[in-house]
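> From the sequence below, what's the structure:
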Amino acid sequence: MSKIDEARKFLEDIGMPKAQQSDICALSLLAMAGIKPSDVWKSASNEWIRIHDIIAFVNQNYGTTYAENSRETFRKQAMHRFRTAALIEDNGKATNSPNYRYRITEETLKVLQAINSSNDEKMMDRFLLYHEKLVDIYASKKKMTMMPVKINGADFQFSAGKHNELQKAIIEEFAPRFAPNAECLYVGDTIAKDLVKNVDKLKELGFEITLHDKMPDVVLYREDKDWIYFVESVTSVGPMDPKRILEISEMTTNVSAGKVFVTAFLDFATYKKFADSLAWETEVWIADMPDHMIHLNGDKFLGPRK
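Model (predicted):
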């Protein structure tokens with residue numbers, strides 16, 4: 001039996017659905033365990049690994065030709081499902097962080113290392129006996145890293161990470177100060193992509209509903225002034241540069257409300273890294289100094305540019 005078939009059998013034996021017994025899932029498991037075609041399962045390991053590393057490993061060792069743009073397929077079909085089943089865990093970073101990693105759990109590793117040994121059935125039986133408990137443990141561990149946030153008076157949770165920490169500050173600190181009584185029409189999450197998305201109101205304002213990746217991080221609407229705030233939460237990429245302004249403008253050609261473009265940063269040091277690339281006629285808010293704004297030119301303290 002090939003290593004891919006052995007990995008597939010493991011996934012079947014622990015009760016993974018048919019869709020998670022696919023080649024991508026079997027190969028992902030092999031890559032995360034560091035198992036090459038000629039390796040024995042006893043040598044399996046559980047180093048922290050990125051999806052990029054998984055793709056590189058299987059292409060190099062199993063003759064596959066997965067492209068870099070197939071990362072989302074690996075994430076959705078394998079990693080998300082494996083994590084829910086407590087086969088793997090992540091390191092708690094934001095999913096869009098370059099430092100985001102996965103690894104096989106210690107409990108799963110012990111079962112993998114026993115494959116084809118005299119102890120394999122015993123280890124599998126033990127794993128299955130405690131598996132439901134493991135799912136609860138790892139789900140609770142993940143839940144502990146969530147950040148509560150109140151949006152439009154309702155309770156939500158952001159997944160952990162600096163990006164979401166800043167988004168929380170935008171909603172709880174920036175909005176009351178500079179967009180009082182504004183409604184949050186859109187905010188994403190690094191895991192639950194569209195956490196809040198008021199499609200009806202966005203369409204009513206003339207907004208062209210588009211893919212998550214093109215949406216600003218936070219969209220606020222202030223009805224008393226008929227202003228719509230487009231806020232980018234910047235920790236590593238994505239400030240309001242001229243290209244981004246053009247992208248948002250193209251999505252909002254039918255929006256008659258005044259448009260306010262804001263780049264938010266956690267601290268002044270991060271702002272300085274991006275200062276040269278920020279577009280004129282935009283606003284800057286720094287969470288470390290929540291009572292102040294930086295205004296890039298323009299004739300108003302804060303407001304839409306006509």
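
> what's the nearest residue to Glu208 if we skip its chain neighbours?
Spatial nearest neighbour of Glu208, chain neighbours left out: Met251 (4.9 Å); criterion: C-beta to C-beta, 6 or more residues apart in numbering. C-beta coordinates here come from the backbone N, C-alpha and C atoms, glycine included.

> Tell me if I'm right that the one you found and Lys214 touch.
Yes - Met251 sits in contact with Lys214 when judged by C-beta atoms under 8 Å, with a separation of 6.7 Å.

> These two: who's more crowded?
Met251 (17 against 12; other C-beta atoms under 10 Å).

> From Arg244, how far out is the more buried one?
To Arg244, Met251 is 11 Å away according to C-beta to C-beta, to the nearest Å.

> Next up, the contacts around Gly294.
No Gly there; residue 294 is Ile. 271, 283-286 (C-beta atoms under 8 Å, 6 or more residues apart in numbering).

> Could you dump those residues into JSON lines and include secondary structure, distance to Asp53 and neighbour count?
What follows is these, written out as JSON lines (DSSP: H, G, I helix; E, B strand; the rest coil; distance: C-beta to C-beta, whole Å; neighbours: other C-beta atoms under 10 Å):
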{"residue": "Tyr271", "secondary structure": "helix", "distance to Asp53": "32", "neighbour count": "21"}
{"residue": "Glu283", "secondary structure": "strand", "distance to Asp53": "39", "neighbour count": "23"}
{"residue": "Val284", "secondary structure": "strand", "distance to Asp53": "36", "neighbour count": "20"}
{"residue": "Trp285", "secondary structure": "strand", "distance to Asp53": "36", "neighbour count": "23"}
{"residue": "Ile286", "secondary structure": "strand", "distance to Asp53": "35", "neighbour count": "21"}
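
> among the residues you listed, which two are most distant?
With C-beta to C-beta as the measure, no two of those lie farther apart than Tyr271 and Glu283, at 12.0 Å.

> Point out where this structure drops to low pLDDT.
Low-confidence segments of the chain (pLDDT under 70): 132-146, 189-194, 209-213, 298-303, 305-306.

> can you list the domain ranges for it.
3-143, 147-295 (automatic domain parsing).

> Any idea how far apart the tips of the last one sit?
By C-alpha to C-alpha, to the nearest Å, the extent of domain 147-295 from end to end equals 30 Å.

> Now do it: distance to the chain's middle.
When distances are taken as C-alpha atoms, centre = their mean, to the nearest Å, domain 147-295 is centred 16 Å away from the chain's centroid.

> ditto for the shortest one
Here the centre of domain 3-143 is set off from its chain's centre by 19 Å, with C-alpha atoms, centre = their mean.

> Pretty sure Ala86 sits against Phe127.
No - applying C-beta under 8 Å as the test, Ala86 and Phe127 come out as separate, 10.0 Å apart.

> Name the residue in these two with the higher neighbour count.
When neighbours are counted by other C-beta under 10 Å, Ala86 and Phe127 differ, and Ala86 comes out ahead with 24 against 20.
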